[in-house]
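Student: For reference, the sequence and a predicted model appear below.
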Amino acid sequence: MPGKYKLLVEHARQLVPVTRSGARFLRGDDMKSVDVMEGAPGGYSVLVDSDGVIADMGPSEEVEQRVDRGQVEQVIDASGRCVLPGFVDAHTHPVWAGDRVHEFALKLAGASYMEIHKQGGGIHYTVTHTRQASEDELFQAFSHRLSRMVRAGTTLVECKSGYGLDLHNEVKMLKVIERARRLGLVGISSTYCGAHAVPIGQTSKEATDDIINNQLPDIKKRMESGELTVDNIDVFCEVGVFDLEQTREILKAGKAMGLQINFHGEELHRLNSAEMGAGLGADAISHLEEVSKTGLTAMSQAGTVAVILPTTAYNLHLQPPPVRSMIDNGVIVALGTDFNPNAHCLAMPLVMNLACVTMKMSMQEALVAATLNAAHALGRSARHGSLEVGKVADMIIVDAPRWEHIIYQMGSHDSLISAVMHKGQVVHSTNL
Ligand SMILES: N=CN[C@@H](CCC(=O)O)C(=O)O
Ligand SMILES: [Zn+2]
């Protein structure tokens, strides 16, 4: 018989809720004040109910007076360790076949991202291989990647389509994402990114028309029938891909069918897509290496989240986005791995380290950006991104005396993560 409580994690040296204020996001100086509970002699506990929701939390001595242990299915002793919210990865391209390790070599030898793309490589290379792959093959590769993300502490991840580009193959990718969503190893926010590149043989105008008049209506029907859940609409707004007006029209069509706007903007060229996206009420814009001051002001006023992807600037030797200026101007900043065949990174701890070192974020700011603010970018921060009574029990146990070790230690973060819990269920554990 199931107990009243699914899980009790007890005696943590540090409990890091990030916030207990009910805030949906933190910006400006508020990003510096991460809520950390420490100092109680018996450590700290989190109690999870049978629905996977946090029922109680606080000093272990107090929580344990309030709970009947006989009603708890599983108890984990976190003595000497830290409990944090699971990481939220706000931007990934995780469904594809055909790696691009050969292109990594080309880039190291000096080729630019767009030079490779224009020669039919880059996204086009991945599209060719993804179109050839079956749904099952894509699902196997995707599942393996998701389990590696979980081992690195991710409990909610945004997953894009975008290597199909035609209706059949985009739907194939969305079905793969849907299968994983239903399996429930990790929380998923699904994004239709049919406008990720202009298919070879089409103009960007033809591709825009196909997306608006053919692909989106079909996807809408599949959403209405319950076959697919799609949360966000995305476009790669870039010179040589989709221009500002085409991006606007695609995003508006997605918004009209209830999708959240969450797109790629201002990465390699400044097209004023930050201003355009803020004007449309975009939930989030990713990259922003080339964003202008007026773009930042517009995003700050609209509450559009800046999703920062440190792996991209690092890999492509781009000028990093102006994160300090974003934070100083009240833009809500989130982080994502940007996992894709160009940026083969599945781990938010490494992303936080890069954000601190290459973009001058503090560790507190990076943690907020990788949890609460990333959940907000996906419209999920009412239930995810911090440890608060009533929120989903997505959390990790870090085998270190202070939470900052998960950012400070480079590369071997998996060995620091003793357990990952999604909805109060242990989905990964080692060394417990
Ligand atoms: N910039 C566009 N999309 C991806 C790269 C995808 C790819 O190269 O396959 C990004 O966010 O970095
Ligand atoms: Zn991307």
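Tutor: Thanks, I have it. Ligands and ions are numbered 1, 2, ... in the order given.
Student: looking at the sheet around N262, what are its partners?
Tutor: For N262, the beta-bridge partners are A284 (DSSP bridges).
Student: Around it, how many other residues sit close by?
Tutor: 31 (other C-beta atoms under 10 Å). (Each C-beta comes from the backbone N, C-alpha and C, glycine too.)
Student: quick one, what contacts it?
Tutor: By C-beta atoms under 8 Å, 6 or more residues apart in numbering, the residues touching N262 are 158, 191, 232-234, 282-286, 307, 377-378.
Student: Next: D218.
Tutor: 167, 171.
Student: in what helix or strand does it lie?
Tutor: Using DSSP states H and E, D218 sits within helix 216-224.
Student: Could you do A97 as well?
Tutor: Using DSSP H and E, no helix or strand contains A97.
Student: near ligand 1, which residues of the stretch 251-400 of the chain?
Tutor: Counting by C-beta under 6 Å from any ligand atom, the stretch 251-400 of the chain comes close to ligand 1 at 264, 267, 312, 338, 340-343.
Student: Report the two of those separated the most.
Tutor: The span of those, defined through C-beta to C-beta, is set by E267 and P341 at 16.3 Å.
Student: who has more neighbours, the two?
Tutor: Set E267 next to P341 and count neighbours by other C-beta under 10 Å: E267 wins out with 26 against 21.
Student: So the closest residue to that one other than its chain neighbours versus L268, what's the distance?
Tutor: Nearest residue to E267, sequence neighbours excluded (C-beta to C-beta, 6 or more residues apart in numbering): H287, at 3.8 Å. As judged by C-beta to C-beta, to the nearest Å, H287 and L268 stand 8 Å apart.
Student: Show me which of those two is the more surrounded one.
Tutor: Shown here are H287 and L268; by other C-beta under 10 Å, H287 has more neighbours (28 against 19).
Student: Angles on the backbone of that one, please.
Tutor: phi 90, psi -90 (degrees, to the nearest 10).
Student: Just the pLDDT for the residue in the stretch 301-432 of the chain that ligand 1 sits nearest to.
Tutor: Using C-beta to the nearest ligand atom, the closest approach of the stretch 301-432 of the chain to ligand 1 is made by N342 at 3.6 Å. Listed pLDDT for N342 reads 97.
Student: Is it correct that P322 is in contact with S292?
Tutor: No. Judged on C-beta atoms under 8 Å, P322 makes no contact with S292 at a distance of 9.6 Å.
Student: Which one's more surrounded, these two?
Tutor: Using other C-beta under 10 Å, the more surrounded residue of P322 and S292 is P322, with 21 against 15.
Student: on that earlier part again, among the contacts of N262, who's most crowded?
Tutor: Going by other C-beta under 10 Å, A377 tops the contacts of N262 with 33 neighbours.
Student: OK, contacts around that one?
Tutor: A377 makes contact with 90, 158, 262, 283-284, 305, 307, 332, 334 under the criterion C-beta under 8 Å, 6+ apart.
Student: what's the residue nearest to A197 when sequence neighbours are not counted in contact with, if anything?
Tutor: The shortest distance from A197 to any non-neighbouring residue, by C-beta to C-beta, 6+ apart, is to I123 (4.3 Å). Applying C-beta under 8 Å, 6+ apart, we find I123 in contact with 117, 162-163, 196-197.
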